[in-house]
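*Asks:* please find the sequence and the predicted model below.
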Amino acid sequence: MKSQYNYIRQSEVVQLEGINPPLKSIKTFALTGEGFLASKEKRYFANARGDMKDIIDKISSYNLFNYLLPGAIFVILANALTPYSFNQQDILLGVFFYYFIGLVISRFGSLVIEPILKKLMDLKSSDYRGFISESKKDPKIELLSETSNMYRTFCSMFALLVLVKFYAWLEALLPELKNWRQFGLVLALLIIFVLSYRKQTGYINDRIKASSGDAL
């Protein structure tokens, strides 16, 4: 007597591609157990795609084009141009990781690249309270500012790629630097986010003053 698990209709044959190692087409669950694994993998990828779609839908256009997109492109280019790999196998973990990388790139652009460009190109910008006031009159100003910040973030991304490439070359000359890589990275991130916090607090205070001025 055949086991109830030893038979499956041809229309129910499952094939998964792109899994390492790849699963073969299956006709039984009991003999190999691949049917269970295939179903489990399908459910995992389906749930991951659904969760990722929900996350992306909730991300604003600013966060998408200034954080997630630059972060993902940085990872792709860094993998191709440097000996370091930032790839993440888990889809959801990858989305958050690339977003964080993009956030770091954006903050580096705000703290380092923007002041350099202003001095080199003699760029002038209005004060933040003036920006808030004029944005209420012309909503397109915020869109133009978002686009400008995106360009700045991509400038920052390419600058960081150059720095990472330079560090890889320096590390090849001085192998002892590898022992300080993690510490140096954590210290650099700490400095970036402390300075970003101070700058963001200044923006908040300016916004409060601007709102108080409008109310008077």
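*Replies:* Everything's here; your move.
*Asks:* in what helix or strand does Thr153 lie?
*Replies:* Element membership for Thr153, per DSSP states H and E: helix 140-173.
*Asks:* next, the angle from the helix or strand hosting Ile204 to helix 140-173.
*Replies:* Applying DSSP H and E as the criterion places Ile204 in helix 181-215. With axes from the mean of the first three to the mean of the last three C-alpha atoms, to 10 degrees defining the directions, helix 181-215 sits at 170 degrees from helix 140-173.
*Asks:* need the contact list for Leu187.
*Replies:* If you count contacts by C-beta atoms under 8 Å, 6 or more residues apart in numbering, Leu187 has none. Where C-beta positions appear, they are placed from N, C-alpha and C, glycine not excepted.
*Asks:* what pLDDT does it get?
*Replies:* At Leu187, the model reports a pLDDT of 96.
*Asks:* so it versus Tyr197, what's the distance?
*Replies:* 16 Å (C-beta to C-beta, to the nearest Å).
*Asks:* kindly report the same for Phe158.
*Replies:* For Phe158 relative to Tyr197 (C-beta to C-beta), the value is 25 Å.
*Asks:* between these two, which one's more packed in?
*Replies:* More crowded of Phe158 and Tyr197, by other C-beta atoms under 10 Å: Phe158, with 15 against 11.
*Asks:* okay, now Gly109: neighbour count?
*Replies:* 25.
*Asks:* what's it in contact with, if anything?
*Replies:* When contacts are counted by C-beta under 8 Å, 6+ apart, Gly109 touches Asn149, Arg152, Thr153, Cys155, Ser156, Met157.
*Asks:* also Phe131?
*Replies:* Phe131 touches Ile141, Ser145, counting by C-beta under 8 Å, 6+ apart.
*Asks:* run the last query once more with 7 Å
*Replies:* Residues counted as contacts of Phe131 (C-beta atoms under 7 Å, 6 or more residues apart in numbering): none.
*Asks:* tell me the secondary structure at it.
*Replies:* Per DSSP: H, G, I helix; E, B strand; the rest coil, the local secondary structure of Phe131 is helix.
*Asks:* tell me the spacing between it and Val164.
*Replies:* Taking C-beta to C-beta, one finds Phe131 at 33 Å from Val164.
*Asks:* so Ser106 makes contact with Tyr67?
*Replies:* Yes. Counting by C-beta atoms under 7 Å, Ser106 touches Tyr67, with 6.0 Å between them.
*Asks:* I'd like to know how far Leu103 sits from Asn179.
*Replies:* 27 Å.
*Asks:* for stretch 96-111, output the C-alpha coordinates as CSV.
*Replies:* The C-alpha atoms that make up stretch 96-111 are tabulated as CSV, following Å, rounded to 0.1, in the frame of the first residue of the first chain:
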residue,chain,number,x,y,z
PHE,A,96,17.7,47.9,6.2
PHE,A,97,21.5,47.6,5.7
TYR,A,98,21.5,49.5,2.4
TYR,A,99,19.2,52.1,3.9
PHE,A,100,21.7,52.6,6.8
ILE,A,101,24.6,52.9,4.4
GLY,A,102,22.7,55.5,2.4
LEU,A,103,22.0,57.4,5.6
VAL,A,104,25.7,57.5,6.4
ILE,A,105,26.4,58.6,2.9
SER,A,106,23.8,61.4,3.2
ARG,A,107,25.2,62.6,6.5
PHE,A,108,28.7,62.6,5.2
GLY,A,109,27.5,64.7,2.3
SER,A,110,25.8,67.2,4.6
LEU,A,111,28.7,67.5,7.0
